[in-house]
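>>> Can you look at this prediction? I've put the sequence above it.
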Amino acid sequence: MRNIGMVLEYVGTAYHGFQIQENAPTIQGTLEGALEQVTGSPVRVVGAGRTDAGVHALGQVVSFSTESCIPGDRFAPALNSLLPRDIRVLRSFEAPTGWNARYGAISKVYRYLTVPRGAARPSLAAGAGVLEGRANLEYRDLDVGSMREAGQALLGTHDFAAFCASGSSVRTTVRTVKRLDVREERWDALGVNLVVIEVEADGFLYNMVRIIAASLIEVGAGASDLDTPAKLLESQDRTLGPPTAPPSGLYLARVFYPGPLAGLTCP
C-alpha cells in the first residue's frame, strides 16, 4: 500500500474542527469524502494538528494510505476540483512507507492574529466585516513591547498545565517552546494594524496557544502585570489564567519534519 502526504490550507470558520465528527462538517470528513470520490475506496486521513472549530490552517500536513495508482503529485489538482473553495490542497507527494503526518513532526508553528481597535467597538470599525472570523477583534490598545517581553518567560521546556484547557487526556503537560515572537504588522490594503503572536513548539496542549495569546493580550492591554504569564506558568493552575482567546485568530502556520520531507511539507 502506498503512502501519500499533502499540505493543506483552509478557513475553519464553517467547520467543527479538523477531526471527523458525526452529523457535523469537519475538515477531515470533507477531505476523506473527496478522497473516496477520487480513489473509489474509503480513505482514513491523519492530520499533523487537530485544529479546533473555527481555527484556520496555512500549512496543515496530512498523510494517508491508498492502493490507488494515481501519481502522488496528481492528488492535489484532483481533490481541488471537488473540495469547497475554503479548503485547498497546496501540494501532494509520495511519502515513505509508514510515515505518519502526526507522529513524524518535530515541531509546529501557530500564529495568533489580533486587531487592536483602541476605544472603538471592533464590530463597528472599518475592516471588521472582512476580518470577522479571520482574526481576534480586540477593543483595547495593545503594548506590543510589553507582550514580547512577557512572552520570553514561556520559552524553553516547562510544565504548561496552566496553559491547557480541561478535557485533555495527555500523559504529560511538559512541552518545549522553541520560539515565541510578538510583532506588529500593517495591512495597508485593509487599513488595519495587526498584532501577530507566533509560537513554535515540539507539541501543543489543548488550547495552549489561545491561552498564551490571552495572557499576553492582557499584559499588552495593561490589565495584567509583566510577570503574570511567568507566575501563571509557575502555578500550573489553569483557573488562575484569563479566559481562552477566541479561535478566529488562530492559524496552524507550518509543521516541520526532518530529512527529505522538510521541503515537501512547507506551505
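Looks like it came in fine.
>>> Which SSE is immediately downstream of the strand or helix carrying Pro77?
Per DSSP states H and E: Pro77 is located in helix 75-80. Counting by DSSP H and E, the next helix or strand C-terminal to helix 75-80 is strand 87-95.
>>> ok now whichever helix or strand comes after that next one, how far from the chain's centre?
As assigned by DSSP H and E, the chain's next helix or strand after strand 87-95 is strand 107-116. Centroid separation for strand 107-116 versus its chain: 7 Å, with C-alpha atoms, centre = their mean, to the nearest Å.
>>> before we move on, the earlier item: for the helix holding Pro77, name the packing helices and strands.
In terms of contacts (3 or more C-beta pairs under 8 Å, 6 or more residues apart in numbering; DSSP states H and E), helix 75-80 is packed against strand 2-10, helix 27-39, strand 87-95. C-beta here means a position set from N, CA and C on the backbone, and glycine is covered the same way.
>>> now for the ones you listed, which one comes closest to Val192?
Val192 sits nearest to strand 2-10 of all the helices and strands packed on helix 75-80, at 21.3 Å, using C-beta to C-beta.
>>> strands paired with that closest one, and their directions?
Strand 2-10 has the following strand partners under DSSP bridges: strand 56-66 (antiparallel), strand 87-95 (antiparallel).
>>> Those strands: which one's closest to Val130?
Proximity to Val130 (C-beta to C-beta) singles out strand 56-66 among the strands paired with strand 2-10, at 14.4 Å.
>>> Give the rounded mean pLDDT of that closest one.
For strand 56-66, mean pLDDT is 97.
>>> ok and that strand relative to strand 107-116, angle-wise?
Per axes from the mean of the first three to the mean of the last three C-alpha atoms, to 10 degrees, the angle that strand 56-66 makes with strand 107-116 is 150 degrees.
>>> okay, the angle between strand 56-66 and helix 27-39?
Going by the same axes, to 10 degrees, strand 56-66 makes 40 degrees with helix 27-39.
>>> hang on, the earlier thing: which of the helices and strands packed on helix 75-80 is buried the deepest?
Comparing the helices and strands packed on helix 75-80 by mean neighbour count (mean count of other C-beta atoms under 10 Å), strand 2-10 ranks first with a mean of 23.
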